[in-house]
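>>> Pasting the sequence and the predicted model now:
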Amino acid sequence: MAKTDRVLIAVGGNAIHPTRRPGTVEQQIEFAVKTGNALLPILEMDNQLIITHGNGPVVGKILMRQILSRDTVPPMSMDVCVAHSQGGIAYLLMQNLENALRSVGNQRHVVCLLTQVEVDRDDPAFSHPTKPVGAFYSESDARDIEKKLGWTMHEDSGRGWRYVVPSPRPKHIVDISLIETIAQSGAVVIAGGGGGIPVIRNDDGTRHGIEAVIDKDLSSALMANVLGIDTLMILTAVDKVYINFGQANQRGLDAVSLDEMVQLQADGEFAEGSMGPKIEAAIGFLQNGGKRAVIAHLDDAVAALAGDTGTRISR
């Protein structure tokens, strides 16, 4: 297929994990197979391809499991929970992306790199948790969870109530040179899962984990900018970005300039816990050297990369 140079694809957690289904391993495999099939034409291209992914539903389940078993099994810290979700999701993606390639006789390899991401210990997010993780609950169930577990629960864009945690901004992708080296070898690289494992760097160069979840789209934009990648594609569970979302005058955005998107963001069009981080990531990516950001549905990945659907933002 045609050469598309260097692309970073960020696959949303809700696009690869069923949000309103139990989320069994079988269902997660089903979604991983779907992702492999949707991305297959891009996997077959002559490109350097990096894939990041969300982990919101999965890390939320990990947290719930350890809360329910806290009297018998010592709980893990948030950074370790993120690492667990990163490895598990990437395993299923890696296996099923390769299975899709092998089904058409393509021997391209897919590699997962466990990825740490440095954050600032003084980031204001630590005193203002906003990042939703885990399942959706009714308001009454959310209030009950707050009382029993001490979690902070917020309403999420009209879809239900979710657990929210600190989400500091990413500062540095650890070992990003290895990501570039693997991509240059021809293998597809899965990295930065769940926004990366949140770590703090000490004055002596050592690192340690911290209780947080980093936004996957912001980490993806940073990674793409540092690597000099031209195209950032954010795949999610909706077909494009909408303004006046959920209202009678709702309108989808197709081709949009960077300046137009900055103005819409300033007008408060995009919810902080939903489309907001994706828009912020796309704007930041373009302002820091990227050429094109695309936001589209996972099923439309190929057409969106070709510029035929989704929301395309350019300078």
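Structure received.
>>> At which residues are the helices of this protein located?
13-16, 25-43, 56-68, 78-103, 139-149, 176-184, 216-227, 258-266, 276-287, 301-305 (DSSP state H).
>>> out of the ones you listed, which comes closest to residue 202?
Smallest distance to residue 202 across the helices of the chain (Cβ to Cβ): 14.8 Å, for helix 78-103. (C-beta placed from N, C-alpha, C; glycine too.)
>>> Mind listing what's buried along that closest one?
Residues of helix 78-103 classed as buried by neighbour count (16 or more other Cβ atoms under 10 Å): 78-79, 81-86, 88-90, 92-98, 100-101.
>>> Same question for stretch 39-51.
39, 40, 41, 42, 43, 45, 47, 48, 49, 50, 51.
>>> pull the CA atoms of it into PDB?
Written as PDB, here are the backbone C-alpha positions of stretch 39-51 (Å, rounded to 0.1, in the frame of the first residue of the first chain):
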ATOM      1  CA  LEU A  39      -6.300  -0.800  11.500                       C
ATOM      2  CA  LEU A  40      -5.100  -3.600   9.200                       C
ATOM      3  CA  PRO A  41      -4.900  -1.400   6.000                       C
ATOM      4  CA  ILE A  42      -2.700   1.100   8.000                       C
ATOM      5  CA  LEU A  43      -0.600  -1.700   9.500                       C
ATOM      6  CA  GLU A  44       0.100  -2.900   5.900                       C
ATOM      7  CA  MET A  45       1.300   0.500   4.800                       C
ATOM      8  CA  ASP A  46       5.000   1.300   4.400                       C
ATOM      9  CA  ASN A  47       5.200   3.600   7.400                       C
ATOM     10  CA  GLN A  48       6.700   4.100  10.900                       C
ATOM     11  CA  LEU A  49       3.700   3.500  13.100                       C
ATOM     12  CA  ILE A  50       3.300   4.100  16.800                       C
ATOM     13  CA  ILE A  51       0.100   3.200  18.700                       C
END
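>>> Mind picking out the helix or strand in the protein with the poorest mean pLDDT?
Least confident element among the helices and strands of the chain, by mean pLDDT, DSSP states H and E: helix 13-16 (a mean of 66).
>>> re earlier: distance to residue 162 added to the helices of the chain, as CSV?
Output for these, formatted as CSV (distance: least, Cβ to Cβ, whole Å):
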stretch, distance to residue 162
helix 13-16, 11
helix 25-43, 19
helix 56-68, 7
helix 78-103, 15
helix 139-149, 8
helix 176-184, 30
helix 216-227, 16
helix 258-266, 23
helix 276-287, 14
helix 301-305, 26
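>>> out of the ones you listed, deepest packed?
helix 216-227 (a mean of 25; mean count of other Cβ atoms under 10 Å).
>>> and it, what does it pack onto?
Counting contacts by 3 or more Cβ pairs under 8 Å, 6 or more residues apart in numbering; DSSP states H and E, helix 216-227 packs against strand 5-11, strand 47-53, strand 172-173, helix 176-184, strand 231-236, helix 276-287.
>>> what's the angle between the fifth one and strand 5-11?
In this case it means strand 231-236. Note on geometry: by axes from the mean of the first three to the mean of the last three Cα atoms, to 10 degrees, strand 231-236 and strand 5-11 are set 20 degrees apart in direction.
>>> Ok, the second one next?
Strand 47-53 and strand 5-11 are oriented at 20 degrees to each other (the same axes, to 10 degrees).
>>> Could you do the longest one as well?
For the pair helix 276-287 and strand 5-11, the angle between their directions (the same axes, to 10 degrees) equals 170 degrees.
>>> what's in contact with helix 276-287?
10, 215, 217-218, 220-222, 224-225, 232, 234, 236, 241, 258, 261-262, 264-265, 270, 292-293, 295, 313-315 (Cβ atoms under 8 Å, 6 or more residues apart in numbering).
>>> for the helices and strands packed on helix 216-227, which one sits closest to residue 251?
Comparing those under Cβ to Cβ, the one sitting nearest is helix 276-287, at 15.2 Å.
>>> Go through the helices and strands packed on helix 216-227 and name the closest to residue 143.
Across the helices and strands packed on helix 216-227, closest to residue 143 is helix 276-287 (Cβ to Cβ), at 24.7 Å.
>>> In JSON lines, list the helices and strands packed on helix 216-227 along with mean pLDDT.
Shown next, in JSON lines, are the helices and strands packed on helix 216-227 (pLDDT from 0 to 100):
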{"stretch": "strand 5-11", "mean pLDDT": "95"}
{"stretch": "strand 47-53", "mean pLDDT": "96"}
{"stretch": "strand 172-173", "mean pLDDT": "98"}
{"stretch": "helix 176-184", "mean pLDDT": "96"}
{"stretch": "strand 231-236", "mean pLDDT": "96"}
{"stretch": "helix 276-287", "mean pLDDT": "96"}
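>>> so which of the ones you listed comes closest to residue 67?
Nearest to residue 67, of the helices and strands packed on helix 216-227 and by Cβ to Cβ, is strand 47-53 at 24.0 Å.
>>> so where is this protein shaky, pLDDT-wise?
The chain contains residues with pLDDT under 70 at 1-4, 14-21, 273.
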